[in-house]
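Trainee: Sharing a sequence plus its predicted fold:
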Amino acid sequence: MEKVDLNEKFGLFEKYWAPKIVGELNEQFVKLAKLKGEFVWHQHEAEDELFLVWKGQLVIQFRDRDVVLNQGEFFIVPRGVEHKPVADQEVHVILFEPKSVLNTGDVQNDLTVDKLEHI
């Protein structure tokens, strides 16, 4: 058991849209990611997805509305709901997700990360 310094961990990587594992609990991963630009429309059929903004501002687009998240705010995207994260400027997020979650959900493309790195 060791404490985790989130600022230190965020300093260990630069790549956008490539989540890193910083912890595990109850069959879930705690992941960190840096986001910038637009992601892809996708959904997770079997898993909910929690986005907690550590730094910056994240917009999660849905087909009928947008949710704006500022530093210190979080939002849970329910399973089966199509969404697209968008970050005009660099955003640091903490993700709490079941180990089975693939970052691009039901979409496979060049942003898909199927082998997650522990940092």
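Mentor: Noted; the coordinates are in hand.

Trainee: List the buried residues in stretch 17-25.
Mentor: Across stretch 17-25, burial judged by 16 or more other C-beta atoms under 10 Å covers W17, A18, P19, K20, V22. Just so you know, the C-beta spots here come from the backbone N, C-alpha and C atoms, and that holds for glycine as well.

Trainee: no, scratch that, I was asking about stretch 58-70
Mentor: L58, I60, Q61, L69.

Trainee: What of stretch 74-83?
Mentor: V77, H83.

Trainee: got the CA coordinates for it in CSV?
Mentor: Provided in CSV are the C-alpha atoms of stretch 74-83 (Å, rounded to 0.1, in the frame of the first residue of the first chain):
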residue,chain,number,x,y,z
PHE,A,74,-17.4,14.7,-12.2
PHE,A,75,-20.0,13.1,-14.3
ILE,A,76,-21.0,9.5,-14.8
VAL,A,77,-21.9,8.4,-18.3
PRO,A,78,-24.4,5.5,-18.0
ARG,A,79,-23.7,2.3,-19.9
GLY,A,80,-25.1,2.3,-23.4
VAL,A,81,-25.2,6.1,-23.8
GLU,A,82,-23.3,7.4,-26.8
HIS,A,83,-21.0,10.3,-26.0
